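>>> next one to model:
(4 chains)
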There are 2 protein chains.
Amino acid sequence: MTVFDPRDRVTLADVAAHAGVSVMTVSRVVNDRPGVGEGTRVRVQGAIAALGYRPNIVARGLKARRSRTIGLIVPDVTNPYFPEIVRGAEDVAIAHGFTLLLTNVIEDVEREVAALEAFEDRRVDGVIACSPRLVSERLEELLERHHAAVIVNRRSRPDIAGSVRIDHEQGMRQLIRHLVATGCRRLGVLAGPVHSFAARERMLGIDRETREHGLDLPDERIIVSAPTVDGGEIAARALIRRDPEVDALVCFNDLVAAGALSALAELGIAVPDEVAVVGYDDIPFARMFTPPLTTIRAATYDLGRHAMTMLLERMAGRGRGVDIVLQPELVVRASTRHRLAAPSGGVISL
Amino acid sequence: MTVFDPRDRVTLADVAAHAGVSVMTVSRVVNDRPGVGEGTRVRVQGAIAALGYRPNIVARGLKARRSRTIGLIVPDVTNPYFPEIVRGAEDVAIAHGFTLLLTNVIEDVEREVAALEAFEDRRVDGVIACSPRLVSERLEELLERHHAAVIVNRRSRPDIAGSVRIDHEQGMRQLIRHLVATGCRRLGVLAGPVHSFAARERMLGIDRETREHGLDLPDERIIVSAPTVDGGEIAARALIRRDPEVDALVCFNDLVAAGALSALAELGIAVPDEVAVVGYDDIPFARMFTPPLTTIRAATYDLGRHAMTMLLERMAGRGRGVDIVLQPELVVRASTRHRLAAPSGGVISL
DNA sequence: AAAGAGTTCGTTATCGTTACCAGGTGCCTC
DNA sequence: GAGGCACCTGGTAACGATAACGAACTCTTT
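Residues are numbered from 1 along each chain as shown, chains lettered A, B, ... in the order given. All right, here's what the predicted structure looks like:
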């Protein structure tokens, strides 16, 4: 009895020998190319089935200089915001016969560089980078070395990469407007990573909208938070300690808001009566929080779909320079006060 | 000015020409192998840096028949249970210079087969399958064609794949024991996918533990639910309609429990006073639910770490036939009644 | 000074596939 | 019946990297 060793895979040559033809003929049959007689085609197909031949994509990739693989960089799949993007991108990729090389970079710039270089070494056909933290100059330098690239949630030079993003400034403006309309005046901000483009855009929205409402937002009421539940918990405690009078916490994303909710609960501060809380992203669990979270919803799955579709187009050499901007939507839940219940201008006492 | 075309990558030959040596010498320098004089080594390194050479992993893989890539199959990254496993596996993989090929199979057997075949075509060095739905026979047939494999959350023939799993029977028994101790008697079950090994093991635990307590669990109080929030919501409504007298819902996982909590809230049924709810997995958000969810926690990140470590060992030819079983832990939160507050034997009236 | 040992470096063949070109067969046309 | 034109089919050379072997060179040793 012979043991099956996966290292000794069936090759074109094996099939050719079995069918009594040349490797080229088999190659033509495998790739459904013309130039093979009906009789031999059937015979070769029989041999392929009999030996269980499967083409070696590595060898094919070496020859063709294409790997039918796409690299996808994500800050952290553990953040429920990103899996939706992954799903959207993957569904499109698989439908076109591509496979995904996924890398989490854990909000770490070094790992981002390493991931882009690893993709380069593997000769991926294209790259999608989600919410990259790298400075533009370095990022562009690395993306330029790829055949095609798309950046999610950040603007980019159209000759280097396409971009698909959400209008975070408008999203934040909607949240601030809602908070103001429900009577909040003394806002606290749990901001995101400084190097994050999305964080800067959101901060811009906060800044402009508060200014337009004539609200004061001093630096001591802005705290940088890690974009995680734990980060939000720590940041919220710090902010409350600095200024116990805040009546709303504007959080970088829903995870940070989740942490803030935990912290407020433990501090015995009522949400939204004493302090309102808003998140960003509308992750699937935002509606399950205690209380359910007011937040901004973007079509995340579509973000992934668009990104992959655009990448495939750019890989095919078409549609250079596209920049898709999706508009987000305000989702009001119980973590902010009801519009009518809030007499403007002050904190409601219990 | 010449435009940089990523298709014309720098090769060993280019470096060799630039340094005035043969390709073999360059290859030796790149791979840090002996047999190169100090002077030439420095000169070659200079050429590598000057041209920005990066080895072509595809070509290397063809020759070496190893791709330094590992295929990872996950039912759905959208379920927060799995990203933790991915992270655990990825951290170990990256530390060893491997890259992950990730595929979501969306609880679909066909996509599972397709993914395993795609991995085969790409000549991955090993495969990790999380909670596979395929029947054992077919799964083993496909895994056998890979150099090395590890199955997560399911037992397997040790010669074909290693396994790392959680003792789901014990986990479920703990939950049932807790429910019984807090006075629940008329349990309803929102069971998971029929083809899921984990679902069967959990069902076994429910079955045995209820039997040992002399409880009755008729078929009409068991409903199969899709392992998602929406699935849980639908299933919970259906179960309550069938039997409005249930005093506890045992859910396949935390997502299903989240759906059940939503349904109960909308039906105006108090949790845990009228109906207690338990989940399974302790996803990061379980503590944020309304009310926070009593569930079973397993070291998910470790599950991924162990799986990858075991896979690397099997790839190296060591440690065949390992089967790691992790014991889960009961996490009591507010979705179940307090032990003391529950007079045994009946439903508490409001 | 010659032989031996050790080092440095290059040549060749190969991994599995496909592009390109050349050879062969049958059939139609004038 | 010879030339021409389709159509099949096969040989060869790449794609980029490396293992194995062997040549050339340096240095030591007797």
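
>>> next secondary structure after the one helix or strand residue A:16 maps to?
Assigned by DSSP states H and E, residue A:16 falls within helix A:12-19. Using DSSP H and E, the helix or strand that follows helix A:12-19 in sequence is helix A:23-30.

>>> contacts for that following helix?
A:12-13, A:15-16, A:19, A:33-36, A:40-41, A:44-45, A:47-48, A:53, A:55 (Cβ atoms under 8 Å, 6 or more residues apart in numbering or on different chains). Where you see a C-beta, it was placed from the backbone N, CA and C, and this is true even at glycine.

>>> and those residues, which are buried?
The neighbour count (16 or more other Cβ atoms under 10 Å in any protein chain shown) marks A:12, A:15-16, A:19, A:36, A:40, A:44, A:47-48, A:53 as buried among those.

>>> burial of residue A:28, as a residue count?
If you count neighbours by other Cβ atoms under 10 Å in any protein chain shown, residue A:28 ends up with 18.

>>> hey, C-alpha coordinates of stretch A:185-202 in CSV?
Extracted as CSV, the C-alpha positions of stretch A:185-202 are listed here (Å, rounded to 0.1, in the frame of the first residue of the first chain):
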residue,chain,number,x,y,z
ARG,A,185,-24.0,72.0,26.3
ARG,A,186,-20.9,70.8,28.1
LEU,A,187,-19.5,68.1,25.8
GLY,A,188,-16.5,65.8,26.5
VAL,A,189,-14.7,64.1,23.7
LEU,A,190,-13.1,60.7,23.8
ALA,A,191,-11.0,61.0,20.7
GLY,A,192,-9.4,58.3,18.6
PRO,A,193,-5.8,57.5,17.6
VAL,A,194,-3.9,60.7,16.6
HIS,A,195,-2.6,59.1,13.4
SER,A,196,-6.0,57.9,12.3
PHE,A,197,-7.3,59.9,9.3
ALA,A,198,-10.9,59.0,10.4
ALA,A,199,-10.2,60.3,13.9
ARG,A,200,-9.0,63.6,12.5
GLU,A,201,-12.0,64.0,10.2
ARG,A,202,-14.3,63.2,13.1
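
>>> what does the stretch 251-350 of chain A put close to chain B?
A:258, A:261-262, A:284-285, A:287-292 (Cβ under 8 Å from any Cβ of the partner chain).

>>> which of the residues you listed has the largest number of neighbours?
Counting neighbours by other Cβ under 10 Å, residue A:258 leads these with 29 neighbours.

>>> for that one, give its distance to residue A:141.
As judged by Cβ to Cβ, to the nearest Å, residue A:258 and residue A:141 stand 36 Å apart.

>>> now the two most distant members of the residues of the stretch 251-350 of chain A next to chain B.
The largest separation in those, counting by Cβ to Cβ, is between A:262 and A:284 at 18.4 Å.

>>> what's the closest of the residues of the stretch 251-350 of chain A next to chain B to residue B:236?
Nearest to residue B:236 among those is residue A:288, at 13.9 Å by Cβ to Cβ.

>>> phi, psi for the closest one please.
With angles defined as degrees, to the nearest 10, residue A:288 sits at phi -100, psi -10.

>>> report the contact partners of it.
By Cβ under 8 Å, 6+ apart, residue A:288 lies in contact with B:258, B:261-262, B:285, B:288-290.

>>> how does it look with 7 Å?
Neighbour list for residue A:288: B:258, B:285, B:288-290 [criterion: Cβ atoms under 7 Å, 6 or more residues apart in numbering or on different chains].

>>> try residue A:209
A:172-173, A:176-177.

>>> which of those residues fall in helices?
Here DSSP state H is the test, and the contacts of residue A:209 give A:172-173, A:176-177 as lying in helices.

>>> now for those: which two are most distant?
Pairwise distances across these (Cβ to Cβ) peak at 9.5 Å, for the pair A:172 and A:177.

>>> the more surrounded of the two?
Using other Cβ under 10 Å, the more surrounded residue of residue A:172 and residue A:177 is residue A:172, with 27 against 14.

>>> returning to that earlier point: distance to DNA strand C, pLDDT and secondary structure added to the contacts of residue A:288, as a markdown table?
Listed next are the contacts of residue A:288 as a markdown table, based on distance: Cβ to the nearest atom of the strand, whole Å; pLDDT from 0 to 100; DSSP: H, G, I helix; E, B strand; the rest coil:
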| residue | distance to DNA strand C | pLDDT | secondary structure |
| --- | --- | --- | --- |
| B:258 | 47 | 95 | helix |
| B:285 | 46 | 88 | coil |
| B:288 | 50 | 85 | helix |
| B:289 | 51 | 88 | coil |
| B:290 | 55 | 85 | coil |
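
>>> please tell me how far residue A:61 sits from residue A:164.
Taken as Cβ to Cβ, the span from residue A:61 to residue A:164 is 27 Å.

>>> comparing these two, which shows the higher neighbour count?
Taking other Cβ under 10 Å, residue A:61 and residue A:164 do not tie; residue A:164 has more neighbours (27 against 23).

>>> bridged to that one, which residues?
Taking DSSP bridges as the rule, residue A:164 bridges to residue A:152, residue A:324.

>>> so it touches residue A:154, yeah?
No - when contacts are counted by Cβ atoms under 7 Å, residue A:164 is not listed as touching residue A:154 (9.5 Å).
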